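Here is a sequence together with a model predicted from it:
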Amino acid sequence: MNPNDLINWIAANGKLTFEVLGTLAFAISGLIEAARKRLDIVGMAMVTGFTAFGGGTLRDILLDRRPFFWVQNELWLWVILAICALAMIFLRSRHLEVTERATQWPDALGLGIFASGGTYISLHSGMPPLVAVLMGVITAVFGGVLRDVVVNEIPRAFNDHQPYSVVAFLGGWVVVLLDALNVNDVLAIGAGAVVITGLRICAMTFGWRLPTWKV
Amino acid sequence: MNPNDLINWIAANGKLTFEVLGTLAFAISGLIEAARKRLDIVGMAMVTGFTAFGGGTLRDILLDRRPFFWVQNELWLWVILAICALAMIFLRSRHLEVTERATQWPDALGLGIFASGGTYISLHSGMPPLVAVLMGVITAVFGGVLRDVVVNEIPRAFNDHQPYSVVAFLGGWVVVLLDALNVNDVLAIGAGAVVITGLRICAMTFGWRLPTWKV
Amino acid sequence: MNPNDLINWIAANGKLTFEVLGTLAFAISGLIEAARKRLDIVGMAMVTGFTAFGGGTLRDILLDRRPFFWVQNELWLWVILAICALAMIFLRSRHLEVTERATQWPDALGLGIFASGGTYISLHSGMPPLVAVLMGVITAVFGGVLRDVVVNEIPRAFNDHQPYSVVAFLGGWVVVLLDALNVNDVLAIGAGAVVITGLRICAMTFGWRLPTWKV
């Protein structure tokens, strides 16, 4: 095994681990919303699934890219169904807040991985830079937007004044820049993800807020 | 005419009859919702159209399949517009509940036909089994989800504790099983539809409910 | 320069001017809604973008047509972002009503251009006439529908009894008719747009209303 293979192996497995954590965090945020709204098992499975896969699916529809992630990795759908079944049995309302807090960290990972990866995929599907960066934001954020729209709330991403999409937007430009410098994919996506996740964690830690609209 | 042709003729015409009944039932559920929300003629036509064709259209977008049903059968769009015009003239609020009860039976037919057919189409577009079954559910259920989302309600399918999507999900596996056994399409779709419609009618008759979420 | 070139030059530049005005009017209606709902900068940019580009994008997804307008003309996305930034700084609530009234006129232009153009594009993508006309309506109206759905309102287009979509629908048939007579594209789209914009301005001026649903 030469050093390059090793880097790629670590990168691939690290990416997989982070992707799993990120997807689970997104799924759980859907699950919690479903529980709050007292949806039944069907609503829970659907909202959880939308939240986990909605962003990437919308990106792929816009890019006219197939197969979707969840078609190629059918196993994920079984995982989502299993999580919902377990939640029906074990989750109680006193757990909701704790669970939500606990998922903030993997959610920051998911934000980084999906925004950065989405930007890279879009660039290499021939999108111009700003479009690619916005596709990255869509990949990371639209699962949550769909989640909120179907349960009849104004999307949190639109009015919570958290630097969430903004952080994904900024980090997307890191990917664009590194890609323009012909940096390889692992490094470009990785650097973007680190910047985004890092900024997101800073925002949570130091309580950064977006400027308030003075209307 | 040999016996096989005869079976296919009956199947084709039976399928057409059921499809017409199912689509009309879906359309009418959209119409009733539009009337309840006091939408104008434009809103009525749009909500009715979404409810009738939204599920199949979303499935076809996800499968990247064209042309859509309502593009190939433009006549259906005229039918929907005519129904809306007639409803504007003749439908009054005292009819709404009666109409809704009357459409429960064709709606159960629509659920069976569309879920079963959607599963079959997805399988033969190369989807793996679970994805195909979920596409069947989407075909049958998403018109109603769209209807509720655009009129600003939490989708009934997500929180009414009715075995509706669940029944479509179960019946989808019948289609997958029969297809794996190389049963021909008419029989596979037909059997799936009979199982789904039958279970749905049982659920309505005996008042079956989904387990309640204990949050 | 021969006369035909001249006509085309005027048509092209006129079309561009109207398109710019129409898109800006649509964008501003999204911006105003975002301000009313007190969304943050992210929500504002997204709702503004959806309103400006949502209708054409949905049409292109339905027609399986790429690239999208905003992918081919990335500049527009920068314009939208700049408008949002300026609005954050300068727009105050006392401006909202004035701005909304001022954008009614370019909005009528946008309605005409986008519905007429959308119908023409759909016809020449092989859609049957009624489908093409409805695609025109979708092009012009769905940005606004999306805007209202994501901020959790019943779409204005569905219940305000304004002849808005209806006018787009009627004008679409002008395009279909002229195209069937082999009239060239500039003239067909132009005539459709003039009819739609004219009818819309009449509707605003004379206070035309859709018939009320007597449920």
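Nice, I can see it.

And stretch A:159-177, how far out from the chain middle?
Remark: stretch A:159-177 is offset 12 Å from the chain centroid, using Cα atoms, centre = their mean, to the nearest Å.

Just the residues contacting it, thanks.
The contact list for stretch A:159-177 (Cβ atoms under 8 Å, 6 or more residues apart in numbering or on different chains) reads A:111-112, A:115-116, A:119-120, A:123, A:129, A:132-134, A:136-137, A:140-141, A:157, A:188-189, A:191-193, A:195-196, A:199-200, A:203, A:208-210, A:212, C:37-43, C:46. Where C-beta positions appear, they are placed from N, C-alpha and C, glycine not excepted.

Correct me if wrong: A:I61 contacts B:D60.
No: using Cβ atoms under 8 Å, A:I61 is not in contact with B:D60; the gap is 11.7 Å.

Looking at those two, which has the bigger crowd around it?
Neighbour comparison, A:I61 and B:D60: the larger count goes to B:D60, with 23 against 15 (by other Cβ atoms under 10 Å in any protein chain shown).

Run through the residues of chain A sitting next to chain C.
Applying Cβ under 8 Å from any Cβ of the partner chain, we find that chain A lies next to chain C at A:61-62, A:64, A:127-131, A:134, A:145, A:149, A:152-155, A:157-161, A:164-166, A:210-215.

Show me which of the residues you listed are buried.
Buried members of the residues of chain A next to chain C, scored by 16 or more other Cβ atoms under 10 Å in any protein chain shown, are A:62, A:127-131, A:134, A:145, A:149, A:153-155, A:157-161, A:164-166, A:210, A:213, A:215.

And the pLDDT at the residue lying closest to A:V151 once chain neighbours are set aside?
Among residues not flanking A:V151 along the chain, A:K37 sits closest, at 4.8 Å (Cβ to Cβ, 6 or more residues apart in numbering or on different chains). pLDDT, A:K37: 90.

same thing with A:E97?
On pLDDT, A:E97 comes in at 81.

Distance check, the closest residue to A:P129 other than its chain neighbours against A:G136.
Leaving aside its sequence neighbours, A:P129 sits nearest to A:V176 (Cβ to Cβ, 6+ apart; 4.7 Å). According to Cβ to Cβ, to the nearest Å, A:V176 and A:G136 sit 9 Å apart.

do A:L21 as well
Taking Cβ to Cβ, one finds A:L21 at 18 Å from A:G136.

Report the inter-axis angle for the helix or strand hosting A:R147 versus helix C:129-150.
Take DSSP states H and E as the rule and A:R147 turns out to sit in helix A:129-150. For helix A:129-150 against helix C:129-150, the angle by axes from the mean of the first three to the mean of the last three Cα atoms, to 10 degrees is 80 degrees.

For chain A, which helix extends over the most residues?
Longest among the helix segments of chain A by residue count, using DSSP state H, is helix A:3-36.

Tell me who's in contact with the residue nearest the centre of chain A.
Most central in chain A under Cα atoms, centre = their mean is A:A140, positioned 3.7 Å from the mean C-alpha point. Taking Cβ under 8 Å, 6+ apart, we find A:A140 in contact with A:55, A:110-111, A:114-115, A:118, A:165, A:168.

Sort out which one of those lies nearest chain C for me.
Minimum distance to chain C across the contacts of A:A140 is 4.5 Å, recorded for A:S165 (Cβ to the nearest Cβ).

What values do phi and psi take at A:W208?
A:W208 adopts backbone torsions of phi -60, psi 140, taken as degrees, to the nearest 10.

Assign a three-state SS to the nearest residue to it once chain neighbours are set aside, would you?
Residue nearest to A:W208 in three dimensions, not counting chain neighbours: A:P163, with 5.2 Å by Cβ to Cβ, 6+ apart. Assigned by DSSP: H, G, I helix; E, B strand; the rest coil, the conformation of A:P163 is coil.

Relative to chain B, how far out is A:P163?
Distance from A:P163 to chain B, counting by Cβ to the nearest Cβ, to the nearest Å: 28 Å.

That residue - how many residues pack around it?
For A:P163, the neighbour count with other Cβ under 10 Å is 21.

For the residue of chain A found nearest chain C, which non-adjacent residue is spatially closest?
At 2.7 Å from chain C, A:F158 is the closest residue in chain A, using Cβ to the nearest Cβ. Nearest non-adjacent residue to A:F158, counting by Cβ to Cβ, 6+ apart: C:G43, 2.7 Å away.

can you pull the contacts of that neighbour?
Taking Cβ under 8 Å, 6+ apart, we find C:G43 in contact with A:154-155, A:157-159, C:34, C:37.

which one among the residues you listed gets closest to chain B?
Nearest member of those to chain B, counting by Cβ to the nearest Cβ, is A:I154, at 11.4 Å.

secondary structure class for that closest one?
Quick answer, by three-state DSSP: A:I154 is coil.

Model confidence at it, what's the number?
For A:I154, pLDDT reads 94.

One more: A:V215?
Looking at A:V215, its pLDDT stands at 55.

quick one: contacts for the residue nearest to A:I154 when sequence neighbours are not counted?
Excluding the flanking residues, the one nearest A:I154 by Cβ to Cβ, 6+ apart is C:N152, at 5.0 Å. The contact partners of C:N152, by Cβ under 8 Å, 6+ apart, come to A:149, A:152-154, B:152.

Mind doing that once more with 7 Å?
Neighbouring residues of C:N152 by Cβ atoms under 7 Å, 6 or more residues apart in numbering or on different chains: A:152-154, B:152.

Give me the mean pLDDT for the helix or strand where A:A193 lies.
In the assignment (DSSP H and E), A:A193 maps to helix A:185-206. Mean pLDDT, computed over helix A:185-206, is 94.

Buried residues of it, list them for me.
Judged by neighbour count (16+ other Cβ under 10 Å), helix A:185-206 contains these buried residues: A:185, A:188-193, A:195-197, A:199-201, A:203-204.

got a pLDDT number for A:P3?
For A:P3, the model assigns a pLDDT of 69.

go on, A:L91?
Looking at A:L91, the pLDDT reads 83.
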